[in-house]
Structure formats: structure tokens, C-alpha cells
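**Q** Everything below, folded, please.
(2 chains)
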Amino acid sequence: MLSRAANNLYWMSRHIERAENTARMLDVTYRMSLLPYRTPDQAWAEPWALPLVITGLATAYYERFPSAPSSERVLRFMVLDPANPSSIYSCIQSARESARTLRGVITTEMYEDLNGLWLEIKDRTNESIAAQGISEFFDWVKMRSHQFRGVTFGTMLRDEAYHFIRLGTFMERADNTARILDVKYHTLLPSVADVGGAVDYYQWGALLRSVSAFDSYRKVYRDMITPMRVAELLILRDDMPRSLHACTREIYDILRGLCDASSREPERLAGELNAQLRYGRTEQIIAFGLHEYLMGVLDKLSALNEEINKHFLAPVYSRQSVAPVPVRG
Amino acid sequence: MTRISTAQPRTAERPAFYNEMYAEDGGVRPHYEAYAGWLEATPVEQLLQKQREADALYTRLGITFAVYGDESGVERAIPFDIIPRIIQPGAWKKIHAGACQRLRALNAFLKDIYHGQEIIRAGVIPGEQVLGNRLYRPEMRGFDVPGDVYVHVAGVDVVQTGAEEFYVLEDNLRTPSGVSYMLENRRMMMRLFPELFSRMSVAPIDHYPDLLLNNLHSVAPAGVTDPTVALLTPGSYNSAYFEHAFLALHMGVELVEGQDLFVADNTVYMRTTRGPQRVDVIYRRVDDDFLDPLAFRPDSVLGVPGLFAAYRAGRVTLANAIGTGVADDKSTYAYVPEMIKFYLGEAPILQNVPTWQLRKPDDCRHVLARLPELVVKEIQGSGGYGMLVGPAASREEIEAFRARIRQAPDRYIAQPTLALTTCPTFCDARVAARHVDLRPYVLTGKTVSLVPGGLTRVALREGSLVVNSSQGGGTKDTWVLEEQGC
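**A** Numbering: from 1, shown residues only, chains lettered A, B, ... in the order given. Just a heads-up that it's a prediction; the model follows:
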């Protein structure tokens, strides 16, 4: 298929996944902000800084707002701000713009679904969201993302286009899980004394909920929440759909199907990363340092993204030497 | 429940325009009878409901067009009217034969002016009309296009003024658009009113993309047996982007932008996820000027550097060919009846509208004296932009236009205001007469053909004669009845 189309498919699904992840993150922040444990001298006491740190948007935020993050300002910035390319609004707009160039590549149902989503969010205002209830709004974003994935899964031919869509979803999801885990790990452990305390319980619970893993945690461990287990669940468990292991396994499987003799490198990188997660052990990760470990994963994801770009999404050919491949798109 | 009355309201004055559904005595014309019976039995509430459903579907499906110069929004759904325009088999036969005849003559004309120029030497058309035209491409001289086909797709605008009176308004020979609306309108009607299709035998049009693809295959470069076809679009911000995507989808070909293609060794390739892939035939919806920055406008970012060289080397076919604009220019238009006689030795089946060339001083004087009754058009304009409809214009508008004509008379032609037929149209919860035109799409490959139908455009504003979507026009489904159905 056309590289430009593959690029648009990849980013269409990344943007929808990003909108969903942003909604999850903000929802959890909102719930945390309602907890009665805020004390002004502790860093985690202002949970509204977290979404900015996780997404790497703190600088952009301060360029836009001169004052410290507050619920009102962060929500304004992250939900409907068209000037913030990572706001939920902008992600949906970008996904829909990609979809517009993909008529004929994606199914009519997929386009209708995304176009409908765009038409709905386009008319939203901060006031109307507040009136509806912010959590209801985040649930709506999540459900619409689920719905789009479902429509994709249920209507699309399992061709190359489908695989680029799935690739985008899992690349974005892996990135998000690594980021969420990293920041929470730092901010959620204000002091050793808090470990096992009520604050800790709520905070870890919130983190798990943000990646739809709270119930799964209960099922798997049937025990109190500990950072070690959370790390295991979200990094190493193969059966957790948002864990790094599960995401990279999907990425590797997809790339095995997409790569051919001229594009082995993306497959190799994905395989290497997946093997690291597949055979890794929690104790080693903690001993190595969770933050360092997660940074390593993010770097590898970023290198993999570069290779995917180079081989599939934005290839460069010299005008003199062309060795056409005898395949029909 | 309110029902539509099909009886023509009697008024003192006789209707000035031919109504396609109602005869002068108020009765329903025979080919509309089945439909009128249905319409009369259908409550207005139900029609309103269907109209709302259609509007919602068009918006949701993103069937939109962009309006240039409109800052309010990039896209709009094109207004769709739920009352079909019905054409009887006899009338269609005439349109069909006439449109095919024109395209045979126009293709012969294009081949001639880029080769021996016999029509000029015979004195049928002045040399300066052709060779001095901005749209004449000297680069095409002496180049043989595959199958001698220059215009693979044409949109011939036909208007009707009476029972069997047809005029061709213009031949759109460059990148005519609108065919996706023809196809979508039919799909919409079948979705909204399936029962009507079982009552009436409406000729099918859905095979248009297959016909087009088949023709594109037939003009592949010599030696290519299994050609790869691609549709070249200026991109998703083009007003007709929806249509480009629609056609690519229905033909099963790649929809490419300039950036997706590159030329190496005079061969055109697409950038794909599996490496470069050769392209043999390009159905291009990009204007000549923007096709290749090396050959035409150097500032074009929509085109493909080296494309023209590959074309001239016979390594890729472009549809339509480069340089067809010289033949659909509004001043060349006047010579089409002559072309038909010259190349085909036939009498024109469809009439031209009498046209005054304002570059001729006599014509210009005549036109300036009668501006309030005439339609004046810019020779190279399209889309209903830059035109004056005398009877509908205010005095100020007429005077402003008069000044523009005086400045550059050679940029304009004028025609009498035609008494366009009207069709019943669902406006503001009632059925009212609105003016229509018809654009059938003529396809040329090994043969010249067209599907039975076309895009009917309707001027939704009461009394308006301008049907362009950019000027508040809408569309209707066009039903050509099959012979046995009458």
C-alpha cells in the first residue's frame, strides 16, 4: 500500500489511542484530586501537575498559562484546547483528518464512526462538559475509543492497512503505559512511611484504574496492592492487555507480518524489546531502577518508531537507483 | 396528515417555463404518472422525515464539497433533493447520441490541432482561436496519445427548454467533477424509497466505475498487459476530494497525491510500504498547470517532477490528456457544431446555445446594449463564478459587470437567457418548481459510452437559473426510464 496511507493509518489509531489515554489519565487525576489527603508541602499534593509531566507537556503548558497547574487550567489545556496538539480535541481532529484521506482504505463504518465523533466533540465547550460531569465526559471518550477499535476489528479486511492501524494502537499504548508507570512511581512514593498506608492504597488503586487494571490486579494477586506487583502486572504480564509485554508482543507479531527481506530491522528491534519483557524479572527491574528501566523502554520504542518510519511510512528513494519490487499493492 | 397535491395551481398567467412533471393543462406528463401517484399518496410528514434522513446521512457519511472563498468552513454537505428528475427513454436517446457525437468530434479536433491542424487550414476555425489560446499546449504537438483518446472523461452540461429541446451549455473536458454525487444520489434514493424502484424501471448507473476502469486499462502504454492504474488528487483539501476517494475506492485503484509518486528513468513509481511500484495509467484530477513543476508551473507542489517527460516517452498514460482545455474553452465551444460537420460529416444532434464573442466589436456592442436579458460568462471561468445572469441581476450589478466587460471584452462571451425547464423540488415542506440542468458523463476508451443518467443540478432558490453547488444549487437523482417501463 501507499506509504502515505500507511502513515495516516498509523497516526489515525495513535491519535485515537492517545485521546483515550489522555482521558484515562485526566479522569484518574480528577478522582485523586477529590481525595482528602492533600497537604500543601508535598509534591504529589497537586495532582494536576501529573498529566503534564506524564505527557511531557509541562513546557507547552507554561507557555500557554503563566500560573501553576490547577484543575481548571489543566482541563482547559488537555481537553478542548485546539492549540495543544495533544489535547483530546486535537487528537480526535487529527485522527479524523487522517481518516478523511483514507476513504477507501478504511471501511465506511469506520469513517462514519470517527466523523461522528468529530462532529460531537467539535461542538463541545468547557461549560457543557462541566455541566455533564467531567467523569462522564472521560467515560464517553473512552467508550468512543473502544467503539472505534470495535468497528475496526469487526469490519475491516485483515490486510496491510489493518495491521498498520493495530501497530499504531500498540505503539501508543506501550508508550503511555511506560510513562504513566514512571511518573506515578516517583510521585506516588513520597516517603517510605506511606507505603502500605491509606494514601498509598488509593494512589496505587487510582493508577491501576487508569489503565483498567484494578479488577485484574485483584484477580491475579488477591492481596494488597504493592508497587512491586503493580510493576509486574503492567510491565511483565503477558495477559494484561495494556502491559508493556502484551503491547510489544502485539507489535512484534504485526511487524513479523509486515516486514520482508528489505525491512528486517523494525522486526528485529521489536523482537529484541519483546524478548527483554518476556524474559525479564521484577526483582531485576527494581534492582536496576524502575525509572531507568522505563526510560530504556521508551528509548527503544522511539528507535523502533524511527525504523517503522524509515521502512514503511516515509521511505526515501534516490531518483537514479530504483529497484522496483514486483508486487501489486 | 397533509398530502401533496399534484394538481398544478391554476394562475392567471401561463407558466413561462416548461415544467417537466406537469403539462400546461395541469395534468401529469405520462412518464411522471407512476411517481406522481406515489407522491400524492405519501404524507408530507413522511417526505420531511426522508429529507431529514437524507441530510443527516450526507453529513454523517461526509459527502461534502468545499466552497472556495468561503471562510466559514471547509466543507459543506451538498443539498440533496428527494424528488427525482425523470427522463423518458426517447429524450435520453437523443441526449445519449448527441453527447457521444460531440465527444467523437472533440477527440478528433484535439488530435488534429496537435498534429496536422487541418481544421485550421480548411478555415473552419481561426488559427489564433486555437494556437493563441492560453490552454493550447505546444508541448503536445506531434505526440501520439494511446488510442488517440484525449478526453477519457467529459461532463457535457445539457439544459432543456421544452419537451425535446436540448442545448449544450458547455463541454467540460479537463477534470469534470460531480459523478460521485450522481452515484451517491442513486444509492440514497434506493435506501430511502426502495418501493419506488420496484414500481418503475429505472435504468441502472452503478457500473460507471467499472466502465471507467475498463477504459483506463484500454489506454495503457504499449506493451503493458496488466496495467496499474492510480487516481491522482491534489489532496484532501481539494473541493472534490470526496469524489476522488470515492472513485478510487470503487475502481479499486490507489488514490495518490503528487508526493506519493516519483519518476526514475522516465518511469512513474508509487512509494509503497513494499518499495517502489510502477504506475502505468494515471486518472488525474489535477490541472495541467500543476502536473509537473519541471514542465509547467515551477511552483506547483501538487505535481510530480518528471511526469511530463515520462508521458511524452510513452511510459505512462494520463487521463485526460494534457492540453484538452483548449477545446472546452467557452469561445471554442461555439465551433463544436462545425467540428461535428468537419470531422464526422454529421449534423449536430444537440444544439449549441447561440453565443456572442465579445472580442468581436459587433457582438460586443450588441451585448452591451442588451445586458439585462443576457447571460455573460468569463471564457475561462467555471463553477458559476464570474458570471452575470442579466434578468436576475440588480442594476448596480449589471453596471459593475458592464465596466468589467469594457476593460477586457475578449475575456467574455454572452448567451441568451434560456428558459430552463423546471422540476418539482421539495422546498420548505412543499413541492415547488425549480430550474434544473443535467450533466451526463461521457466516457471514451475504445468506444464512446455513457451510463443512462447524469447529475441533475437544481437551483434551490426560487426563480434562480444558476445551478452550481457553489452558488446555492443542489442535486437530484436522475432517473432514465427503460423502454419497457413506459
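
**Q** dump the residue contacts of the residue in the stretch 51-200 of chain A that chain B sits nearest to.
**A** Residue nearest to chain B within the stretch 51-200 of chain A: residue A:104 (3.2 Å; C-beta to the nearest C-beta). In short, each C-beta sits where N, CA and C put it, glycine included. Residue A:104 makes contact with B:245-246, B:248-249, B:255, according to C-beta atoms under 8 Å, 6 or more residues apart in numbering or on different chains.

**Q** Reformat the residues you listed as TSV; add distance to residue B:300.
**A** Output for those, formatted as TSV (distance: C-beta to C-beta, whole Å):
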residue	distance to residue B:300
B:245	21
B:246	24
B:248	21
B:249	26
B:255	19
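
**Q** Just flag the most distant two among those.
**A** Using C-beta to C-beta, the contacts of residue A:104 span at most 9.5 Å, a distance reached by B:246 and B:255.

**Q** Contact residues of the stretch 201-350 of chain B facing chain A?
**A** Counting by C-beta under 8 Å from any C-beta of the partner chain, the stretch 201-350 of chain B comes close to chain A at B:228, B:235-236, B:241-242, B:245-246, B:248-249, B:254-257, B:259-260, B:262-265, B:267, B:269-278, B:306.

**Q** Any of these buried? List them.
**A** Among these, those that count as buried by neighbour count (16 or more other C-beta atoms under 10 Å in any protein chain shown) are B:228, B:236, B:241-242, B:245-246, B:248-249, B:254-257, B:259-260, B:262-264, B:267, B:269-278, B:306.

**Q** Go through the contacts of residue A:104 and name the one nearest residue B:188.
**A** Distance to residue B:188, by C-beta to C-beta, is smallest for residue B:246 among those, at 13.4 Å.

**Q** Counting by contacts, list what the helix or strand where that closest one lies packs against.
**A** Remark: residue B:246 resides in helix B:241-251, with elements defined by DSSP states H and E. Applying 3 or more C-beta pairs under 8 Å, 6 or more residues apart in numbering or on different chains; DSSP states H and E, we find helix B:241-251 packed against strand B:64-66, helix B:179-192, helix B:208-218, strand B:229-232, strand B:254-256.

**Q** Repeat the analysis, applying 10 Å as the threshold.
**A** helix A:88-100, strand B:64-66, helix B:179-192, helix B:208-218, strand B:229-232, strand B:254-256, strand B:281-284 (3 or more C-beta pairs under 10 Å, 6 or more residues apart in numbering or on different chains; DSSP states H and E).

**Q** Let's see that helix as CSV, backbone CA atoms only.
**A** The C-alpha trace of helix B:241-251 is given here as CSV (Å, rounded to 0.1, in the frame of the first residue of the first chain):
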residue,chain,number,x,y,z
TYR,B,241,-11.6,15.2,-2.7
PHE,B,242,-14.6,13.2,-1.6
GLU,B,243,-15.2,12.3,-5.2
HIS,B,244,-11.6,11.3,-5.9
ALA,B,245,-11.6,9.0,-2.9
PHE,B,246,-15.0,7.6,-3.9
LEU,B,247,-13.9,6.8,-7.5
ALA,B,248,-10.6,5.3,-6.4
LEU,B,249,-12.4,3.1,-3.9
HIS,B,250,-15.0,1.9,-6.4
MET,B,251,-12.4,1.3,-9.1
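
**Q** could I get the helices and strands packed on helix B:241-251 as a markdown table with distance to residue A:73?
**A** Formatted as a markdown table, the helices and strands packed on helix B:241-251 follow (distance: least, C-beta to C-beta, whole Å):
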| stretch | distance to residue A:73 |
| --- | --- |
| helix A:88-100 | 15 |
| strand B:64-66 | 35 |
| helix B:179-192 | 45 |
| helix B:208-218 | 52 |
| strand B:229-232 | 46 |
| strand B:254-256 | 42 |
| strand B:281-284 | 49 |
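
**Q** where among those is the average confidence lowest?
**A** Mean pLDDT is lowest for strand B:64-66 among those, at a mean of 60.

**Q** Most proximal residue of the stretch 201-350 of chain B with respect to chain A?
**A** Closest to chain A within the stretch 201-350 of chain B is residue B:249: 3.2 Å, counting by C-beta to the nearest C-beta.

**Q** what separates the closest residue to residue B:454 other than its chain neighbours from residue B:205, distance-wise?
**A** Spatial nearest neighbour of residue B:454, excluding adjacent residues (C-beta to C-beta, 6 or more residues apart in numbering or on different chains): residue B:440 at 3.5 Å. According to C-beta to C-beta, to the nearest Å, residue B:440 stands 10 Å off from residue B:205.

**Q** Which one of the two is surrounded by more residues?
**A** Between residue B:440 and residue B:205, residue B:440 has the larger neighbour count (other C-beta atoms under 10 Å in any protein chain shown), namely 26 against 22.

**Q** any idea which residue sits dead centre in chain B?
**A** With distances taken as C-alpha atoms, centre = their mean, residue B:155 lies nearest the centre of chain B, 3.4 Å away.

**Q** Domain parsing of chain B, as residue ranges.
**A** If you go by automatic domain parsing, the domain ranges for chain B are B:1-136+B:153-200+B:331-353+B:418-486, B:354-416.

**Q** if I pick residue A:142, what's in contact with it?
**A** A:19-21, A:23-24, A:27, A:212 (C-beta atoms under 10 Å, 6 or more residues apart in numbering or on different chains).

**Q** Return a ChimeraX selection command for the buried portion of those.
**A** Applying 16+ other C-beta under 10 Å to the contacts of residue A:142, the buried members can be selected in ChimeraX as follows:
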select /A:19,20,21,23,24,27
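
**Q** with the contacts of residue A:142 in mind, which one is nearest to chain B?
**A** Distance to chain B, by C-beta to the nearest C-beta, is smallest for residue A:19 among these, at 19.3 Å.

**Q** What is the three-state secondary structure of the closest one?
**A** Classification of residue A:19 using DSSP: H, G, I helix; E, B strand; the rest coil returns helix.

**Q** Centre of the chain to stretch B:294-314, how far?
**A** A distance of 26 Å separates the centroid of the chain from that of stretch B:294-314, by C-alpha atoms, centre = their mean, to the nearest Å.

**Q** follow-up on the earlier one: any residues in contact with both of residue B:440 and residue B:205?
**A** In contact with both residue B:440 and residue B:205: B:179, B:182, B:450-454, B:478, B:480, using C-beta under 10 Å, 6+ apart.

**Q** Sort out for me which of these are in helices.
**A** Members of the shared contacts of residue B:440 and residue B:205 lying in helices (criterion: DSSP state H): B:179, B:182.

**Q** Name only those of the shared contacts of residue B:440 and residue B:205 that count as buried.
**A** B:179, B:182, B:450-454, B:478, B:480.

**Q** need those residues in TSV with distance to residue B:97, can you?
**A** Compiled in TSV, these are given as follows (distance: C-beta to C-beta, whole Å):
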residue	distance to residue B:97
B:179	20
B:182	20
B:450	10
B:451	15
B:452	12
B:453	15
B:454	14
B:478	17
B:480	13
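
**Q** Among these, name the ones in strands.
**A** B:478, B:480 (DSSP state E).

**Q** Check what pLDDT residue A:193 gets.
**A** Reported pLDDT for residue A:193: 45.

**Q** Which residue ranges of the stretch 51-200 of chain B form strands?
**A** Under the criterion DSSP state E, counting those that start in this stretch, the stretch 51-200 of chain B carries strands at the ranges B:64-66, B:75-77, B:80-87, B:153-162, B:165-172.

**Q** Mark out where each domain of chain A begins and ends.
**A** Domain ranges of chain A: A:1-156, A:157-314, per automatic domain parsing.

**Q** Off-centre distance for the last one?
**A** Read that as domain A:157-314. For domain A:157-314, the distance to the chain centre is 10 Å (C-alpha atoms, centre = their mean).

**Q** does any bit of that domain sit next to chain B?
**A** Yes. Interface with chain B: domain A:157-314 contributes A:160-161, A:163-164, A:258-260, A:262-263, A:311-314 (C-beta under 10 Å from any C-beta of the partner chain).
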